[in-house]
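A.B. asks: Quick one, what's the 3D model for this:
(2 chains)
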Number of protein chains: 2
Amino acid sequence: MKRSAFDAWMRAQLEAVEAALCVHVRADAPAGLGLAMRYGVLDGGKRLRPLLVLAAAQAVDGHAEAAVRAACAVELIHAYSLIHDDMPCMDNDVLRRGKPTVHVQFGEARAMLAGDAMQALAFEVLTPPPAAAGDVVPDALQARLCRLLARASGVEGMAGGQAIDLASVGKPLTETELLDMHGRKTGALLQNSVLMGAACGQPSAATWDALSEFGAALGVAFQVVDDILDMTQNSEVLGKTAGKDADQNKPTYVSLLGLDGARERAATLHARALSALSASGLGDVHALATLADRILDRDS
Amino acid sequence: MKRSAFDAWMRAQLEAVEAALCVHVRADAPAGLGLAMRYGVLDGGKRLRPLLVLAAAQAVDGHAEAAVRAACAVELIHAYSLIHDDMPCMDNDVLRRGKPTVHVQFGEARAMLAGDAMQALAFEVLTPPPAAAGDVVPDALQARLCRLLARASGVEGMAGGQAIDLASVGKPLTETELLDMHGRKTGALLQNSVLMGAACGQPSAATWDALSEFGAALGVAFQVVDDILDMTQNSEVLGKTAGKDADQNKPTYVSLLGLDGARERAATLHARALSALSASGLGDVHALATLADRILDRDS
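C.D. replies: Just a heads-up that it's a prediction; the model follows:
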């Protein structure tokens, strides 16, 4: 896929996800809850997780309606985690995606509830009722997508990683411990994005394993690059507070490996991801490969 | 069902739910997260929602493994909502089920994460993988249970009700508004407990509607009784801070209808619930009926 073809594909996917999120996250939810939820998830973010879902679903020729729903669900989980993570009792951050954070804009209580409601909504989006108009998602696929998302979001995944992160401030971590923390905190949901997309089709066990390996390498690579950007970019470019990890004396790949070591590590992981993709036996992996490239090359 | 037979049934159900929760909520989740989750959900509470699930499942001769999983999932959602509701940015409460609240015991950040992880775990419990040992839950039932729970937990249900509650402090509400708030905040999950139990079997549409009506009446009755107890009991009996609603100038059924009016309303709703149960066409509704009686007669 040429650069311009990928960009056109990406624009179409982003429009589809944004349109679907606009429908699912209703503005008229009671007492301003809908407004807080929309503020937290619409019109912002790079939508990397939805793009991974949709690229993987395309690679396995997966169920289109299910893939868009999975893309929205993953983004809802990601966005809710950012809202809760930014709250005063967690990272106490005031800037996100270049805007005041949800609790600054809507108050802490409503921010917490908006996050809670977004997690529930993620599973609601994955389980459309049989009578819904349009292309209904088969029950078995609904169940499987819920299963994947629940595991990636809970103690074995995102929430568990955040708990470790919280407990690690100011503590030296070994590389194994850092890998475990990030593997859960950000890696699980990124890998899961690829797998939810893959689940929308009927990949062989070998293809599934290769995509799982691709997603795992990509998940770590993403975090390594994140740590590099946190050290080298300013807040304006990032759209969030830069240098936060160092300020909070949090362990990062940069503090562990140094800046050059971290860059080397990112390149190695990138190569591992592309190698897994080649081994997947899938024909159309250009979108997945390009997304891997962009994760490495991004400046925010 | 005689009183002693119901008590024996209830003890057996409570043991089954407690044992299942002990397995699902693992103590070894990272960084103390598992301990906070177990503190928040084990060994406490009346388990009214799980009992409603299991009684309804029994009435429709439903899938036993699915029913226990649904009972655990509903209780996990209920328990997570209590943890978040007690936090300083919400009700700021320090006593729950006769113990310090989770954020007092484990800190605010861990309390929020424990709640988040418990919501994810609820959906994980509902979606056991096909390879799990024992009686596997059919995919269609897994999807349906997730669908029901997600809707009851989100903006149309619990989270939406809490948002209205939050926005209503110090404001006069009409009875319609109060009904809408409680219908979402507590009613949706109670009614949903009955319906998740019913979904474990194959009830006719008429039976489903009758059980839905039963659950709706019971949900409101529960809240009316709660408001009465909040006015008439002390904190020691309740195991939570009494008189809180009046102190916070929150609207309640007692402030709206008076104490006698609220008691009359509870009796009317109880009668409506039992009448719906009679109309359900089900043979074995004794456990459901007795639970309805106990909700009315409780002193805490």
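A.B. asks: For the rest of this, base every contact and every neighbour count on C-alpha atoms.
C.D. replies: OK.
A.B. asks: Leaving out sequence neighbours, find the closest residue to the residue in the stretch 151-300 of chain A positioned nearest to chain B.
C.D. replies: Residue of the stretch 151-300 of chain A nearest chain B, by C-alpha to the nearest C-alpha: A:G154 (4.7 Å). Distances taken as C-alpha to C-alpha, 6 or more residues apart in numbering or on different chains place B:A117 nearest to A:G154, at 4.7 Å, with adjacent residues excluded.
A.B. asks: just A:C89 next, same as before
C.D. replies: Nearest non-adjacent residue to A:C89 (C-alpha to C-alpha, 6+ apart): B:A109, at 5.2 Å.
A.B. asks: try A:M37
C.D. replies: Closest residue in space to A:M37, ignoring its immediate chain neighbours: A:A114 at 5.3 Å, by C-alpha to C-alpha, 6+ apart.
A.B. asks: quick one: contacts for that neighbour?
C.D. replies: A:33-34, A:36-37, A:80, B:159 (C-alpha atoms under 8 Å, 6 or more residues apart in numbering or on different chains).
A.B. asks: Per-residue confidence, A:L48, what does it come out as?
C.D. replies: On pLDDT, A:L48 comes in at 96.
A.B. asks: same deal with A:T252?
C.D. replies: For A:T252, the predicted pLDDT is 88.
A.B. asks: Now for the residue nearest to it when sequence neighbours are not counted: which residues touch it?
C.D. replies: Nearest residue to A:T252, sequence neighbours excluded (C-alpha to C-alpha, 6+ apart): A:D227, at 6.1 Å. Neighbouring residues of A:D227 by C-alpha under 8 Å, 6+ apart: A:252-254.
A.B. asks: Now secondary structure, neighbour count and distance to B:K2 too, for the residues you listed, in CSV please.
C.D. replies: CSV is the format used below for those (DSSP: H, G, I helix; E, B strand; the rest coil; neighbours: other C-alpha atoms under 10 Å in any protein chain shown; distance: C-alpha to C-alpha, whole Å):
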residue, secondary structure, neighbour count, distance to B:K2
A:T252, coil, 25, 63
A:Y253, helix, 22, 65
A:V254, helix, 21, 68
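A.B. asks: where does A:N92 land in three-state SS?
C.D. replies: Secondary structure assignment for A:N92 (DSSP: H, G, I helix; E, B strand; the rest coil): coil.
A.B. asks: mind listing what it touches?
C.D. replies: Applying C-alpha under 8 Å, 6+ apart, the residues near A:N92 are A:85-86.
A.B. asks: Quick check: it vs B:A159, distance?
C.D. replies: 23 Å (C-alpha to C-alpha, to the nearest Å).
A.B. asks: now A:V25
C.D. replies: 14 Å.
A.B. asks: Check A:G98 too.
C.D. replies: 27 Å.
A.B. asks: can you list the residues of the stretch 101-250 of chain A near chain B?
C.D. replies: Neighbours of chain B within the stretch 101-250 of chain A, by C-alpha under 8 Å from any C-alpha of the partner chain: A:108-110, A:112-114, A:116-121, A:123-124, A:127-129, A:139-140, A:142-144, A:146-147, A:150-151, A:153-156, A:159-164, A:166-167.
A.B. asks: Go again with 6 Å.
C.D. replies: Within the stretch 101-250 of chain A, the positions adjacent to chain B are A:108-109, A:117, A:120, A:123-124, A:127, A:139-140, A:142-143, A:147, A:150, A:154-155, A:159-160, A:163-164 by C-alpha under 6 Å from any C-alpha of the partner chain.
A.B. asks: Just the buried subset of these, please.
C.D. replies: Buried members of those, counted by 16 or more other C-alpha atoms under 10 Å in any protein chain shown: A:108-109, A:117, A:120, A:123-124, A:127, A:139, A:142-143, A:147, A:150, A:154-155, A:159-160, A:163-164.
A.B. asks: So which of the residues you listed are in strands?
C.D. replies: Judged by DSSP state E, the subset of these located in strands is empty.
A.B. asks: Mind checking which of those land in helices?
C.D. replies: A:108-109, A:117, A:120, A:123-124, A:139, A:142-143, A:147, A:150, A:159-160, A:163-164 (DSSP state H).
A.B. asks: quick one: the residue lying closest to A:M90 once chain neighbours are set aside and A:P88, what's the gap?
C.D. replies: Counting by C-alpha to C-alpha, 6+ apart, A:M90 lies nearest to B:A109, which is 5.4 Å off, once chain neighbours are set aside. Look at B:A109 and A:P88: by C-alpha to C-alpha, they are 9 Å apart.
A.B. asks: Same check on A:L54?
C.D. replies: Plainly put, A:L54 is 34 Å away from A:P88 if you go by C-alpha to C-alpha.
A.B. asks: Neighbour count: the two, which is higher?
C.D. replies: The residue with more neighbours, out of A:L54 and A:P88, is A:L54; 31 against 16, by other C-alpha atoms under 10 Å in any protein chain shown.
A.B. asks: Next one: the more buried one, what pLDDT does it get?
C.D. replies: Value for A:L54, per-residue pLDDT: 98.
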